[in-house]
Structure formats: structure tokens, C-alpha cells
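Colleague: The following block contains a protein sequence and its predicted model.
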Amino acid sequence: MNSHRIRNIFIQGPISAAFIAEKIAAHAVKLNIGGHSIFLGQVRADQKENQEVLCIEYTTYEEMALDVMHKIRQEIFDQYELTCLHIYHSLGTVKAGEISLFVFTSSIHRKPAIDACSEIVERIKKELPVWGKEILSDQTHVWKENK
Amino acid sequence: MNTNKISILFFGQLTELTGKTELELSGIEDTLAAQEILKDLFPKLGQTPYLLALDREIIHENIPLKGNHTLALLPPYAGG
């Protein structure tokens, strides 16, 4: 499917609950949707080197990340019967407890929305060129690495 | 003679390791030669895992470089 244009998925700073609520509300007019699935990634106050993670500073290789995301979107639309798909990822500083990833899928019946949402999250973690510098309570830092 | 210009981009922890976000190399035959030069310039690169992206596509083998290209060094991802 080539009808999907390349979209920017990046948001500066955390993704607010109000923004997420707005996106949900915007789907009230789409009357063929029967189920939504939402994944929210939250920054965790991990213990590292006897310090606590205060926040993560996210950076990306934007041109490549948008290419990669475009490819993932197309493959997901080919694979699952989705009505809608929205993805947002934070850049810059996101504090522990704040949201850094928002994946929102919708379909006529629940299963494609749930399965697609889960696969997108896995693919983002594995394939999206994004880096996270975890700032610790003593102001030193470590680089996060997805497992 | 090969007079190409190759823009090298560094990301994540590699920006700290090299002290740079980008630099330009010229007259580079292939991606392996670029990696060798970078390892000479920044010996610490040898100890760090990274993927290579040539013009925004991940590559897993040596590719000849004719003309101008962008070569990015991508340390392990941390998105999500």
C-alpha cells in the first residue's frame, strides 16, 4: 500500500495525557471502528550504578527513522485489517513517570488492533534509530539499550 | 582518482566517544575503508558495537562508494 504519506512521528518532550485523550476523541466520528488498542511507553526510574534514572534524553537520526517508520506502517497495513494507525515518539527530555511512546491502532473488530499494536511496539524497539541517554540522580549518565 | 565526498554521521554514545556528530571523508573506495579510517581516527570505535547505514539503509557487507554518500554509525537502539 503506497497511499500512506511519510508522517512525522516525533514530539518534543513527553506525550501528555491530554494529547492522548484528544486522539481518542478524534475517532468518535469513525463509526466503522469496533476496537482500539493503545500502548503507552513510560520512562521508568531504574536503579543504575547505585543511582536512580531521573529522565531520558532521546535523540534520533530523523531522516532514517521516518523512512523506517514508513516501511513498518506499510507492512503493518498490508498484514492487518486496520482502520487507523497513529504513532508518536518523544525526543528531548522525558522524566521518569512521563510517556515517551504512544501507539494507537483501530480496527473493525478487536484482534487486528491488538496484534498490530503489539507488533509495532516490538518493531519500534528493534528497528527505529532512536537513542536514549539516561540521566542519573548524581547527574552522570548511562546509555539505554533495548533488549 | 576517486574524489567522492562521504558524510559520516555519529549518534548516541558514539558522539561522546568521538567528540563529533559528523565529519567528511573524501576519496574513499568502499565502506570497509571508511570504517578502517574511522577506527584509526577514533580507536575507541573498535570496542563499541554499531550498525552502519549507507544513505539511510542498514548494510551488512562491504559496499563500493562511487559518488557522494552519507554513512551513519548507529549504536544500539533505545527507542520506546
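Modeller: Received, thanks.

Colleague: what's the closest non-adjacent residue to residue 42?
Modeller: Using chain A. Spatial nearest neighbour of A:Gln42, chain neighbours left out: A:Ile99 (5.6 Å); criterion: CB to CB, 6 or more residues apart in numbering or on different chains. Just so you know, the C-beta spots here come from the backbone N, C-alpha and C atoms, and that holds for glycine as well.

Colleague: Can you look at chain B instead?
Modeller: Using CB to CB, 6+ apart, the closest residue to B:Phe42 is B:Thr18 (4.6 Å).

Colleague: Model confidence for that neighbour, exactly?
Modeller: With respect to pLDDT, B:Thr18 scores 96.

Colleague: Which element, helix or strand, includes the residue nearest the centre of chain A?
Modeller: By CA atoms, centre = their mean, chain A has its centre lying nearest to A:Leu101, at 3.1 Å. Assigned by DSSP states H and E, A:Leu101 belongs to strand A:99-107.

Colleague: quick check, the least confident helix or strand in chain A by mean pLDDT touching chain B?
Modeller: When each helix and strand of chain A is scored by mean pLDDT, DSSP states H and E, strand A:47-48 comes last, with a mean of 92. No - residues of strand A:47-48 contacting chain B under CB under 8 Å from any CB of the partner chain: none, with a closest distance of 13.1 Å.

Colleague: Report the next helix or strand after that strand in sequence order.
Modeller: Next in line after strand A:47-48, if elements are assigned by DSSP H and E, sits strand A:51-60.

Colleague: Run the contact check for that following strand versus chain B.
Modeller: Yes - residues of strand A:51-60 contacting chain B under CB under 8 Å from any CB: A:Ile56, A:Tyr58, A:Thr59, A:Thr60.

Colleague: Just confirm the last one contacts A:Phe10, I think it does.
Modeller: Yes - at 6.7 Å, A:Thr60 and A:Phe10 qualify as touching, with contact defined as CB atoms under 8 Å.

Colleague: Can you check which residues contact both of the two?
Modeller: Common neighbours of A:Thr60 and A:Phe10 (criterion: CB atoms under 8 Å, 6 or more residues apart in numbering or on different chains): A:His89, A:Leu91.

Colleague: pull the CA atoms of the strand holding A:Leu101 into PDB?
Modeller: Once non-C-alpha atoms are left out, strand A:99-107 reads as follows in PDB (Å, rounded to 0.1, in the frame of the first residue of the first chain):
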ATOM      1  CA  ILE A  99       5.100   9.000  28.500                       C
ATOM      2  CA  SER A 100       7.600   8.700  25.600                       C
ATOM      3  CA  LEU A 101       5.800   6.300  23.200                       C
ATOM      4  CA  PHE A 102       2.200   6.300  22.100                       C
ATOM      5  CA  VAL A 103       1.000   3.600  19.600                       C
ATOM      6  CA  PHE A 104      -2.700   3.700  18.700                       C
ATOM      7  CA  THR A 105      -4.300   1.100  16.400                       C
ATOM      8  CA  SER A 106      -8.000   0.800  15.400                       C
ATOM      9  CA  SER A 107      -9.900  -1.900  13.500                       C
END
